[in-house]
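Participant: Just need the structure, nothing else, for what follows:
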Amino acid sequence: MTAIVVSPLGRIAEMAVRHKSREMVSLLAEKQDFHRPAVILAERHLTLAMNDISFAGTGNLIAPQDGHIQNLIDFAKSWDQSAPLLVHCWMGVSRSPAAAALVSLALYPEQNEQDLAKRLRQASPYATPNSRIIEIGDRLLNRDGRLVAAFKAIGRGADTDGNVPFVLPLKG
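Facilitator: Numbering: from 1, shown residues only. So this is what the prediction gives:
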């Protein structure tokens, strides 16, 4: 079984090559420029323009919205899983771990939410998944609040400099 590689922006090329990824999800602020690694297929690169905030109405910042998360779920369901999916944000701590959890759950909905949250915490003691992304995913994936509760239960991750990529197995 393949996995999801979660990375900070500064290490996406290294992680893509190391894990032989051909598909990628980028969760970055609007107009944040970066170069897609050459090994990532252009047609299999989803970019979701959003800031790392947990509530809407914060000036010019773009909060994660239902449309972003639905696009993520749809992209996940079209992933052939023949190679690891690379998911990244600026630091690899908040948006991308939340997105990785939703990808896993979208593909394997029979998973227990608490087990998924614990697996993410084991993979990264630093991850603090964006609560708004988790809340929207909980609703769109019909988890009835269980996903939100599971991620609240693991709490905030340890402090980090944001340079710690990790691999999340798709299911336990």
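
Participant: Tell me which residues of the helix or strand residue 148 falls within come out buried.
Facilitator: Residue 148 is part of helix 146-154, with elements assigned from DSSP states H and E. Under the neighbour-count criterion of 16 or more other Cβ atoms under 10 Å, helix 146-154 has 146, 147, 148, 150, 151, 154 buried. C-betas here are computed from N, CA, C, even on glycine.

Participant: quick one, helices of the protein?
Facilitator: Applying DSSP state H to the chain gives helices spanning 12-19, 66-78, 95-107, 113-123, 131-140, 146-154.

Participant: number of nearby residues for residue 109?
Facilitator: As a burial measure, residue 109 scores 10 neighbours (other Cβ atoms under 10 Å).

Participant: Give me the distance between it and residue 166.
Facilitator: Residue 109 sits 23 Å away from residue 166 when distances are taken as Cβ to Cβ, to the nearest Å.

Participant: likewise residue 135?
Facilitator: Counting by Cβ to Cβ - residue 135 and residue 166 are separated by 23 Å.

Participant: what about the two, which has more around it?
Facilitator: Neighbours were counted for residue 135 and for residue 166 using other Cβ under 10 Å; residue 166 has more, 21 against 18.

Participant: partners of that one in the sheet?
Facilitator: residue 6 (DSSP bridges).

Participant: Tell me which residue is most central in this structure.
Facilitator: With the centre of the chain defined as its mean C-alpha position, the nearest residue by Cα atoms, centre = their mean is residue 99, 2.4 Å away.
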